[in-house]
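Chemist: Turn this into a model:
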Amino acid sequence: MDILNGKSEEVISFFSALGKMLDNIQLALKNKASNDNRLLTSKEVCKLLCISPRTLQEWRNTGKIPFIKIGEKVLYKWSEIINIFNR
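Modeler: Have a look, this model is predicted:
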């Protein structure tokens with residue numbers, strides 16, 4: 001049985017992977033605020049909520065889901081979609 005120490009390849013590899021994971025977590029936390037302002041397309045909202053495009057259109061028509069219309073393009077605020085999950 002080998003004894004692991006700070007110079008073992010396995011330990012170095014483990015801490016290297018752990019460091020990369022922590023970097024990714026920190027990046028995700030920094031980006032969280034920018035996600036709150038992100039705009040989603042209808043396709044992204046359908047996928048996120050697991051609904052059909054027709055259901056999404058019905059929700060728009062009945063005011064169940066808020067949206068923004070820019071020209072012919074319909075967009076949804078990320079933060080408002082997340083609020084639907086929380087209801």
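Chemist: Mind checking the pLDDT average for the helix or strand hosting residue 26?
Modeler: For residue 26, the element it lies in under DSSP states H and E is helix 9-36. Average pLDDT, helix 9-36: 74.
Chemist: Break this protein into its domains for me.
Modeler: Listed by automatic domain parsing, the domain ranges of the chain are 7-36, 37-86.
Chemist: quick check, distance from the lengthiest strand in the chain to the centre of its chain.
Modeler: Ranked by residue count, the top strand of the chain under DSSP state E comes out as strand 73-77. When C-alpha coordinates are averaged (C-alpha atoms, centre = their mean, to the nearest Å), strand 73-77 and its chain have centres 16 Å apart.
Chemist: got it, and stretch 44-56?
Modeler: On C-alpha atoms, centre = their mean, the centre of stretch 44-56 falls 16 Å from that of its chain.
Chemist: try stretch 47-58
Modeler: On C-alpha atoms, centre = their mean, the centre of stretch 47-58 falls 18 Å from that of its chain.
Chemist: In the sheet, which residues pair with the closest residue to residue 73 other than its chain neighbours? Tell me.
Modeler: Counting by C-beta to C-beta, 6 or more residues apart in numbering, residue 41 is the residue found nearest to residue 73 once chain neighbours are left out, at 7.9 Å. Every C-beta, even on glycine, is put in place using the N, C-alpha and C of the backbone. Here residue 41 sits in beta bridges with residue 75, as judged by DSSP bridges.
Chemist: Quick one: residues contacting residue 41.
Modeler: 73-76 (C-beta atoms under 8 Å, 6 or more residues apart in numbering).
Chemist: cool, and residue 48?
Modeler: Contact partners of residue 48, counting by C-beta under 8 Å, 6+ apart, are 40, 81.
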